[in-house]
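*Asks:* Provided below are the primary sequence and the corresponding predicted coordinates.
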Amino acid sequence: MALGDASLLQLIWLASPALPVGGFSYSEGLEAAIDSSCVATESGASQWLNDQLHLSLARSDLAVVAQAIPAWQGCDMQRITVLNDWVLHSRESSELRLQSEQMGRSFIEWLRSLQPELVAGLGLQLPSPTYPVAFALAAAHSKAPLRDCLLSYAFGWAENMAQAAVRAVPLGQSAGQRILQQLAREIPVAVDHALALPDGERQAFAPMLAILSAQHETQYSRLFRS
């Protein structure tokens with residue numbers, strides 16, 4: 001089915017790094033990986049983010065978005081609450097949990113400024129919406145196909161992370177675009193994986209990422225909040 005103009009533009013908007021949710025201020029452990037010499041080059045950053053896309057994002061956040069969108073469309077708040085709680089409990093460091101909570105809160109505030117009817121009373125039903133669940137609320141009302149919504153979410157993540165690599169390694173802008181190009185090639189595979197995951201196979205098991213994230217909390221010098 002062809003994506004309508006309004007739906008396409010809405011998804012582009014939702015994926016924009018200019019969205020006032022603070023995504024630019026997080027590296028999701030990448031800065032700690034650079035500090036510990038796990039990542040030092042363009043190719044190293046590209047491989048790190050490719051692994052993170054497939055081993056972490058596809059199996060957790062993307063899978064949650066895939067299930068939260070139909071739940072929002074069906075007004076199934078019990079299901080939404082279960083998915084939101086899973087996101088909160090799957091964050092293995094305080095930084096990663098705070099990121100998900102802060103970006104979710106900021107996303108809802110942004111959405112409230114544009115479409116207050118969408119979030120009216122939401123605070124009473126879901127006091128602390130996480131970012132994947134908040135994104136799914138906006139995507140659910142875009143009338144875009146589910147797979148396209150996940151492509152938008154993944155590309156927004158990839159653009160923020162490529163820019164984090166540019167600033168933290170550091171790299172040139174052309175290197176950042178090559179990293180983004182490589183991630184864009186991998187995103188459809190990651191999205192299809194997420195769409196196929198049932199509840200029992202959704203996971204956030206990334207021990208090295210969790211360790212690096214915890215170490216980042218006391219890192220001597222840092223640019224990012226995670």
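*Replies:* Received the coordinates, thanks.
*Asks:* pLDDT below threshold where in this structure?
*Replies:* 1-2, 124 (pLDDT under 70).
*Asks:* helices of that one, start to end?
*Replies:* 5-15, 30-35, 42-52, 61-73, 77-90, 94-114, 116-119, 122-125, 131-140, 146-168, 173-196, 207-216 (DSSP state H).
*Asks:* most packed of those helices?
*Replies:* Mean neighbours per residue, mean count of other Cβ atoms under 10 Å, is largest over these for helix 131-140, with a mean of 26. (C-beta placed from N, C-alpha, C; glycine too.)
*Asks:* quick check: angle from that helix to helix 5-15?
*Replies:* Helix 131-140 runs at 160 degrees relative to helix 5-15, counting by axes from the mean of the first three to the mean of the last three Cα atoms, to 10 degrees.
*Asks:* which other residues reach helix 131-140?
*Replies:* 10-11, 14, 21, 61-62, 64-65, 68-73, 80, 83-84, 87, 99-100, 103-105, 107-108, 111, 118-119, 126, 129, 149, 152-153 (Cβ atoms under 8 Å, 6 or more residues apart in numbering).
*Asks:* just give the nearest non-adjacent residue to the most centrally placed residue in the chain, would you?
*Replies:* Residue closest to the average C-alpha location in the chain (Cα atoms, centre = their mean): Trp157, at 5.1 Å. Sequence neighbours aside, Leu57 is the residue nearest to Trp157 in space, at 6.2 Å (criterion: Cβ to Cβ, 6 or more residues apart in numbering).
*Asks:* what's the spacing between that neighbour and Trp72?
*Replies:* 20 Å (Cβ to Cβ, to the nearest Å).
*Asks:* ok, now Phe155?
*Replies:* Taking Cβ to Cβ, one finds Phe155 at 21 Å from Trp72.
*Asks:* before we move on, what about Leu88?
*Replies:* In terms of Cβ to Cβ, Leu88 sits 18 Å off from Trp72.
*Asks:* rewinding a little: wait, the residue nearest to the centre of the chain touches Ser56, no?
*Replies:* No: using Cβ atoms under 8 Å, Trp157 is not in contact with Ser56; the gap is 10.2 Å.
*Asks:* hey, what's in contact with both of the two?
*Replies:* In contact with both Trp157 and Ser56: no residue, using Cβ under 8 Å, 6+ apart.
*Asks:* distance from stretch 72-91 to the middle of the chain?
*Replies:* 15 Å (Cα atoms, centre = their mean, to the nearest Å).
*Asks:* sorry, wrong one. I was asking about stretch 30-44.
*Replies:* 20 Å.
*Asks:* just to revisit the earlier point, so who does the residue nearest to the centre of the chain touch?
*Replies:* With Cβ under 8 Å, 6+ apart, Trp157 has these contacts: Gly23, Leu53, Leu57, Asp61.
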